[in-house]
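Chemist: 3D, please:
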Amino acid sequence: MNENLFATVRGWLLEDFSAMLPGLPEALLARVELTPTRDAAHGDMASNAAMVAAKPAQRDPRELAAALALRMQARPGVARAEPAGPGFLNLTLAPELLLAQIPVILAAGEAYGQGAAQGRVNVEYVSANPTGPLHVGHCRGAVVGDALANLLAKAGHSVTKEYYVNDAGAQVIALARSVHWRYLEALDLPGKAESFAASVPGGMQYGGEYLLPLGFELAALYDDRFVDAPEAAWLDIFREFAVEKMLALIREDLAALGVVHDVFSSERALVAAGGVARGLQSLRERGLIYHGVLEPPRGKTPEDWEPREQELFRATEFGDDIDRPVGKSDGSYTYFANDIAYHADKMSRGFSAMIDVWGADHGGYVKRMQAAVAALAVDASARLDIVLCQIVRVMKDGQPVRMSKRAGTFVELRDLIDEVGPDAVRFIMLMRKSDAQMEFDLNAAVAQTRDNPVFYVQYAHARCRSVLRAAGEVGVVGDLTSLEAPEELALIRRLVGWPRLVEQAALAREPHRIAFYLYELAGDFHALWNAGRADASLRFLQAENLVESAARVALVAATATVLRAGMTVLGVTPVEEMR
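Modeler: Okay, here's the model as predicted:
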């Protein structure tokens, strides 16, 4: 049997529908959905098939739904098929069809729900400027990106996890100057550090204490060699040193969260290798870059607007609101030009499917970047999806937590991990859709209650494992017909929805759906556990009822399997026991 029961039943539905209405085009059949019902009273699955075909077939959708219900009712795996509302079809599956999925789950193990092999996809996430430790804002993007990459791999894609190092802009020059200031402080020469700080326009942009060790290292390496040297003598040395150290710090922070990237791509290396010129040349050759003057923008003036002639990309031809500058009047490139080159580079590496995870403050950049990718894809095969992550407020005792010990202005990722652990950080960050603002409650994150979702889910897995340890190894799965209690069937229905959930969550680029599913699955299992405490006949292990016990142990094993598979996607530890 197909692991994806929804795919199996949808196949039956399309067979019957096509027999009833021969010649339906494939494009129309592709729009036929089979989804879980929102209310168990309406059955297990619902389809829009009759409403999709009603207009092309010139038939009443209610009539079509009724006719389709008669055909589906004849299927051995369907207990009841009923038309509903304006033309929906509700299906209730036969218990034996649901029960038959338990051995399927056990045979597949944690590979249950694994999608068929699909194409390559590049997921770029975090990509924080290498100027300091990661903070809570970066954390959400790290968790969402990593879980999304895992989800896509579960759905069958070959995934590359990428970090784009923004090491070519003004921010790393500011970092080098801040490190030079710390270097002068480390040498402890009267007035030198203060004098230098006063000479830097805008002062030290990165004043956190995390740069102190770098100052002492540079003092040990170079002594007073660069004390009175011009900036040109030390800028590149200090910049490369600082970026290397900051990237090491970032990698450590990410590793503590369980995030490991496959590729780190350097913006500076791309620019130095002529990547920007190459990226823009193909657009020039197709007449997509021209010289012009943009109208002054309404409201806030963007950084890349100049009231003079610039090189402009014809972004409006690909869905953007205005054309966008790629070259400034002084001959230098804009940040957007570098980003075009970077995505062109991804495409040259064989990625037609790309996903970027950005902070919500970059939302205004989405249209132009998607326009650029559409323009670069001459054969229209490339696609760029953008996942936006809103801000996170860290709360404790009902009050916002604002300050970091080292950085002085933000909550560091490492501080959050040290406070509640990586599992809680990852799971809770996924309990809201990424584009919704959220509050991270430190008190709830360490509570051993249902209010702490990671505890609730891990506790369900630990309970499963305690039953399995007491029962010994799961043997050959035999008679499962004793699994008929409402709590048991509700749990099975949840389990059989896992493959479809993986497929749909991956298509929607929404890893939070996995967290929601696991929380609901844990709730179904805890409900069954509690039912057994109230009704002895529902207990998992009963020495006097070996057949029933074996069936329930198989159900517990299937539940543990899906819980582990889901937690693996989220990067959360499936604990064996709770202390």
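Chemist: Quick check: the gap between the nearest residue to R463 once chain neighbours are set aside and D356.
Modeler: In space, not counting the residues next to it along the chain, R463 is nearest to W529; the distance is 6.0 Å by CB to CB, 6 or more residues apart in numbering. The way it works is simple: take the backbone N, C-alpha and C, and place the C-beta from them, glycine included. With distances taken as CB to CB, to the nearest Å, W529 is found 42 Å from D356.
Chemist: What about the residue lying closest to I492 once chain neighbours are set aside, how many residues nearby?
Modeler: Distance criterion CB to CB, 6+ apart; nearest residue to I492, sequence neighbours excluded, is L98 at 4.9 Å. When neighbours are defined as other CB atoms under 10 Å, L98 has 21 of them.
Chemist: again with C464
Modeler: Every residue meeting other CB under 10 Å relative to C464 is counted, giving 27.
Chemist: That one falls within a strand, correct?
Modeler: No: with DSSP: H, G, I helix; E, B strand; the rest coil as the criterion, C464 is helix rather than part of a strand.
Chemist: show me what contacts the closest residue in space to L5 that isn't next to it in sequence?
Modeler: Leaving aside its chain neighbours, L5 sits nearest to V496 (4.6 Å; criterion: CB to CB, 6+ apart). Neighbour list for V496: 5-6, 98, 101 [criterion: CB atoms under 8 Å, 6 or more residues apart in numbering].
Chemist: The residue nearest to R463: what secondary structure?
Modeler: Three-state call for W529 (three-state DSSP): helix.
Chemist: domain parsing for the protein?
Modeler: 5-93, 170-245, 450-570 (automatic domain parsing).
Chemist: picking that back up, so the residue nearest to I492: helix, strand or coil?
Modeler: helix.
Chemist: ok, now how distant is it from I289?
Modeler: 59 Å.
Chemist: So which of the contacts of V496 belong to helices?
Modeler: 5-6, 98, 101 (DSSP state H).
Chemist: any idea which of those residues is closest to A344?
Modeler: Among the ones in helices among the contacts of V496, F6 lies closest to A344 (CB to CB), at 38.8 Å.
Chemist: Just give the closest residue to the closest one, not the sequence neighbours.
Modeler: Nearest to F6 is R500, by CB to CB, 6+ apart, at 4.1 Å.
Chemist: residues near that neighbour, how many?
Modeler: R500: 19 neighbours (other CB under 10 Å).
Chemist: and what of A337?
Modeler: 26.
Chemist: Check what pLDDT it gets.
Modeler: Here the pLDDT value assigned to A337 is 96.
Chemist: next one: the one 3 residues further on
Modeler: Per-residue confidence at I340 stands at 97 (pLDDT).
Chemist: What of D304?
Modeler: D304 is given a pLDDT of 60.
Chemist: Low-confidence ranges, the stretch 451-579 of the chain, go.
Modeler: 473-476 (pLDDT under 70).
Chemist: Parallel or antiparallel, list what pairs with the helix or strand harbouring S265.
Modeler: Taking DSSP states H and E as the criterion, S265 maps to strand 263-266. The pairing partners recorded for strand 263-266 under DSSP bridges are strand 158-165 (parallel).
Chemist: Keeping just the C-alphas, turn the partner strand into PDB.
Modeler: Taking Å, rounded to 0.1, in the frame of the first residue of the first chain, the C-alpha atoms of strand 158-165 are listed here in PDB:
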ATOM      1  CA  SER A 158      18.300  17.300  -2.800                       C
ATOM      2  CA  VAL A 159      19.000  20.300  -0.500                       C
ATOM      3  CA  THR A 160      22.000  22.600  -0.100                       C
ATOM      4  CA  LYS A 161      22.100  24.800   3.000                       C
ATOM      5  CA  GLU A 162      23.900  28.000   2.200                       C
ATOM      6  CA  TYR A 163      25.100  31.100   4.100                       C
ATOM      7  CA  TYR A 164      25.900  34.200   2.200                       C
ATOM      8  CA  VAL A 165      28.700  36.200   3.900                       C
END
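Chemist: And the contacts of that strand?
Modeler: Contacts for strand 158-165 (CB under 8 Å, 6+ apart): 117-127, 130, 145-146, 149-150, 152-153, 243, 247, 260-268, 342, 346, 351.
Chemist: Any stretches of the stretch 151-300 of the chain with poor pLDDT?
Modeler: 297-300.
Chemist: check contacts around A515.
Modeler: So A515 contacts 427, 430-431, 453, 570 (CB under 8 Å, 6+ apart).
Chemist: hmm, 10 Å instead?
Modeler: 147, 426-432, 453-454, 457, 505, 566-567, 569-570, 572 (CB atoms under 10 Å, 6 or more residues apart in numbering).
Chemist: is it true that G327 touches Y335?
Modeler: No: counting by CB atoms under 10 Å, G327 does not reach Y335; the two are 11.7 Å apart.
Chemist: more crowded one of the two?
Modeler: For G327 and Y335, the more surrounded residue by other CB under 10 Å is G327, and the numbers stand at 21 against 17.
Chemist: Now do the contacts for the residue lying closest to that one once chain neighbours are set aside.
Modeler: Spatial nearest neighbour of G327, chain neighbours left out: E311 (3.3 Å); criterion: CB to CB, 6+ apart. By CB under 10 Å, 6+ apart, the residues touching E311 are 280, 284, 289-292, 324-329, 331, 333-334, 337.
Chemist: SS state for the most far-flung residue of the chain relative to its centre?
Modeler: When each C-alpha in the chain is compared with the mean C-alpha position (CA atoms, centre = their mean), P190 comes out farthest, at 50.7 Å. At P190 the chain is in coil, as set by three-state DSSP.
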